[in-house]
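Colleague: Here you go, sequence then predicted model.
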Amino acid sequence: MSPLRAIGARLRRLRDQRGLTLVELASVSAIIIIMASVTFPVANTMVKRQKEIELRRALRTIRTALDRFQIDTERFPGIRIRYLDRTNEEGYPEDLAWLYEGVDIGDAAGTTIKYLRRLPRDPITGLDEWDTRSSRDEPESIFSDGINIFDVRSKSDKIGLDGTRYNTW
């Protein structure tokens, strides 16, 4: 048998063999592990960023509703007479439920104004509960007197991607 035929026969045998060698299997496994170790932290960061975007949106929605309520207490005196305590001069609601349950403006038709369809869920805690702030609270206080809610914040004390706590947003 000539040397060229022997080489050709050997190449045909190698080509006909099926399967992977241990070296090929180990190298492919190593590449997959390296790619996964890079992908998982990036995916976790993306999920956290999405929750932060949802938190900002929820805070903006509630704060806008609080401001609209306060403006309407000036426009519709019936709200102030029916709902607000005499000590609440600023015109903010005493409970977040007023924003989605609605308030009667005190006209003859019995018109009710709703400022929210529902209270947004805090995406960080997964609950529809918020820490409230009163205009009479001290700036650094963690408790609200609940007389007039003019601001809300998350109940979570976790730290965001920017290094600040969610309950300070």
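Modeller: Right, received. Where do you want to start? Residues are numbered from 1 along each chain as shown.
Colleague: Every contact and neighbour count from this point should use C-alpha atoms.
Modeller: OK.
Colleague: Could you give the bridge partners of Arg165?
Modeller: Ile159 (DSSP bridges).
Colleague: who's in contact with it?
Modeller: Arg165 makes contact with 156-159 under the criterion CA atoms under 8 Å, 6 or more residues apart in numbering.
Colleague: and the lengthiest helix in the chain, what other elements does it pack with?
Modeller: In the chain, with assignment by DSSP state H, the single longest helix is helix 22-75. Contacts defined by 3 or more CA pairs under 8 Å, 6 or more residues apart in numbering; DSSP states H and E place helix 22-75 against helix 77-83, helix 97-101, strand 149-153.
Colleague: Need the residues that contact the first one.
Modeller: By that I understand helix 77-83. Around helix 77-83, the neighbours that count as contacts under CA under 8 Å, 6+ apart are 72-74, 91, 103-107.
Colleague: Which one (most neighbours) among those residues?
Modeller: Counting neighbours by other CA atoms under 10 Å, Gly91 leads these with 25 neighbours.
Colleague: any weak-confidence spans in the protein?
Modeller: 1, 14-20, 81, 83-88, 108, 142-143, 145-146 (pLDDT under 70).
Colleague: Please settle this for me: is Gly106 part of a strand?
Modeller: No: applying DSSP: H, G, I helix; E, B strand; the rest coil, one finds Gly106 to be coil, outside a strand.
Colleague: Name all residues that make contact with it.
Modeller: Contacts of Gly106 (CA under 8 Å, 6+ apart): 76-79, 82.
Colleague: As CSV, these with distance to Arg5 and neighbour count would be great.
Modeller: Output for the contacts of Gly106, formatted as CSV (distance: CA to CA, whole Å; neighbours: other CA atoms under 10 Å):
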residue, distance to Arg5, neighbour count
Phe76, 101, 14
Pro77, 104, 13
Gly78, 104, 17
Ile79, 101, 23
Arg82, 103, 12
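Colleague: with those in mind, which one is nearest to Leu59?
Modeller: Comparing those against Leu59 with CA to CA places Ile79 closest, at 23.9 Å.
Colleague: and Trp169, how far is that from Glu52?
Modeller: Per CA to CA, to the nearest Å, Trp169 is found 10 Å from Glu52.
Colleague: out of the helices and strands packed on helix 22-75, nearest to Leu66?
Modeller: With respect to Leu66, and counting by CA to CA, the nearest of these is strand 149-153 at 6.3 Å.
Colleague: what packs against the closest one?
Modeller: helix 22-75, strand 131-134.
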